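S.K.: What shape does this take:
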Amino acid sequence: MYDLSKVVVTSSPHLKAEDDTRSLMLDVSLALLPALAVAVFTFGWRSLVLTVATVISCVFFEWLYCKILHKPSSVGDLSAVVTGILVAFNVPVAAPVWMPMIGGAFSIIIVKMLFGGIGKNFMNPALCGRAFMMASWPALMTTWVQPHQDIPLFGNVEVTDAISTATPLATMKNGELPSESLFDLFFGQHGGVIGETCALALLAGGAYLLWRKVITINIPAAYILTVAVITFLFPMGDVSRLDWMLTQVLSGGLLLGAIFMATDYVTSPVTPKGQIIFGIGCGLLTVFIRYFGGLPEGVSYSILIMNALVWAIDQKCLPRKFGYAAKKEGK
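M.R.: Model prediction:
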């Protein structure tokens, strides 16, 4: 006979998995290391300084928020670390160290913690931090440095004509292909924010996340393919369609956004169908902003706009409960 007095009854769900938030965030952090390594090689050790400073800022402000409000500390789940890396990846290497630190504080306090912490924010914190910095310091956010320049680890960087450069997307805004080759774009040897330049490193990180089953292919594939198809069919200027499309895909923050930020569990749809719709929407908006917007890049704003529409996508794509009749219009 079994002693039923020792049976513990708990509420559902009863399925258990080895993965938790900490392990998922650790995998994402590891997947971002190749891009960080290339950033250090391309732009120098200041890239690492910016990243470490921003991570420290994010962790500190999350700990401080929990401390002031007498909440259990959530810094152990490593989500603040991932936010810090992504915020730093969205600034140019010439940015002053304090700027991404303030951007990280905005991401953590305003976008994440005030909405209840991880799992309750409706927009990606790192992208909101980037939008905040772009609105607050547009000149600093658009000052680009050529690869392999000798710039100081700390303090302000004096960007002279000798070391300044334009990003490939800025050139393409005029309907022209950039001077950088596809080889340069693939291996990250061009101007841009520190975490977006190397397509190879970002794809390697994405492959790791797919292998670890941290993300699925739905959103990145739908996002990247949408941009590829539209830019191939509708190039700007008298240029090769294939070269234009490949340059659009390999330039800017498309791969960084599609792989690491559009796939955020909290701010993306939960169903495969919804994820594909989300990715297509991000791709359409990205091309629209790149072609017709005032800025050469549109990835961050595209993802943020689609973040705001996730509730509607989920509402339409969630499967109907078994045994429930569809709700009729007007009732």
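
S.K.: so what's the residue most central in space within the chain up against?
M.R.: With distances taken as Cα atoms, centre = their mean, the residue of the chain nearest its centroid is residue 261 (3.0 Å). Residues in contact with residue 261 (Cβ atoms under 8 Å, 6 or more residues apart in numbering) are 86, 124, 126-127, 300, 303. Bear in mind the C-beta positions are built from the backbone N, C-alpha and C, glycine included.

S.K.: What of residue 76?
M.R.: Counted by Cβ under 8 Å, 6+ apart, residue 76 has contacts residue 22.

S.K.: That one in helix, strand or coil?
M.R.: Classification of residue 76 using DSSP: H, G, I helix; E, B strand; the rest coil returns helix.

S.K.: try residue 264
M.R.: coil.

S.K.: can you count the residues close to the closest residue to residue 288 other than its chain neighbours?
M.R.: Of all residues not flanking residue 288 in the chain, residue 298 sits nearest, at 7.0 Å (Cβ to Cβ, 6 or more residues apart in numbering). Residue 298 has 25 neighbours, counted by other Cβ atoms under 10 Å.

S.K.: Need the pLDDT of residue 298.
M.R.: The model reports residue 298 with a pLDDT of 89.

S.K.: Could you do the one 5 residues further on as well?
M.R.: Note on residue 303: pLDDT of 96.

S.K.: shouldn't it be in contact with residue 126?
M.R.: No. The criterion here is Cβ atoms under 8 Å, and residue 303 misses it with residue 126 at 10.0 Å.

S.K.: dump the residue contacts of residue 314.
M.R.: Listed by Cβ under 8 Å, 6+ apart, the contact partners of residue 314 are 269-271, 274.

S.K.: again, only this time at 7 Å
M.R.: Counting by Cβ atoms under 7 Å, 6 or more residues apart in numbering, residue 314 touches 269-270, 274.

S.K.: how many neighbours does the residue lying closest to residue 185 once chain neighbours are set aside have?
M.R.: Leaving aside its sequence neighbours, residue 185 sits nearest to residue 250 (Cβ to Cβ, 6+ apart; 4.0 Å). Counted by other Cβ under 10 Å, the residues lying close to residue 250 total 23.

S.K.: May I ask you to confirm that residue 182 is in contact with residue 246?
M.R.: Yes. Using Cβ atoms under 7 Å, residue 182 makes contact with residue 246 at a distance of 5.7 Å.

S.K.: Which one of these two is surrounded by more residues?
M.R.: Taking other Cβ under 10 Å, residue 182 and residue 246 do not tie; residue 246 has more neighbours (18 against 14).

S.K.: And that one, how far from residue 237?
M.R.: Between residue 246 and residue 237 the computed distance is 15 Å (Cβ to Cβ, to the nearest Å).

S.K.: count of neighbours near residue 107?
M.R.: Close neighbours of residue 107, defined as other Cβ under 10 Å, add up to 34.

S.K.: my read: it touches residue 131, true?
M.R.: No. Contact criterion Cβ under 7 Å: residue 107 and residue 131 do not qualify, at 10.0 Å.

S.K.: Residue 89: what's it in contact with?
M.R.: By Cβ under 7 Å, 6+ apart, the contact set of residue 89 is 35, 193-196, 256.

S.K.: Just give me the closest of the residues you listed to residue 44.
M.R.: Residue 44 lies nearest to residue 194 out of the contacts of residue 89, by Cβ to Cβ, at 9.8 Å.

S.K.: pLDDT value on the closest one, please?
M.R.: 93.

S.K.: how about it, secondary structure?
M.R.: Taking three-state DSSP, the label given to residue 194 is coil.

S.K.: cool, and residue 296?
M.R.: coil.

S.K.: Run a quick neighbour tally on the residue nearest to it when sequence neighbours are not counted.
M.R.: Leaving out its chain neighbours, the residue that sits closest to residue 296 by Cβ to Cβ, 6+ apart is residue 169, at 4.0 Å. Each residue near residue 169 was counted by other Cβ under 10 Å, and the total is 22.

S.K.: Residue 169 contacts residue 298, correct?
M.R.: No. Judged on Cβ under 7 Å, residue 169 makes no contact with residue 298 at a distance of 9.2 Å.

S.K.: joint contacts of these two?
M.R.: residue 290.

S.K.: what does the helix-or-strand element of the chain with minimal mean pLDDT rub up against?
M.R.: Across the helices and strands of the chain, mean pLDDT, DSSP states H and E gives its lowest value to helix 168-172, namely a mean of 88. Contact with helix 168-172 is made by 178, 180, 185, 190, 247, 251-252, 290, 296-297, as judged by Cβ under 7 Å, 6+ apart.

S.K.: What residues sit buried inside the following helix or strand past that helix?
M.R.: Next helix or strand after helix 168-172 toward the C-terminus (DSSP states H and E): helix 182-187. For helix 182-187, a neighbour-count test (16 or more other Cβ atoms under 10 Å) marks 184-187 as buried.
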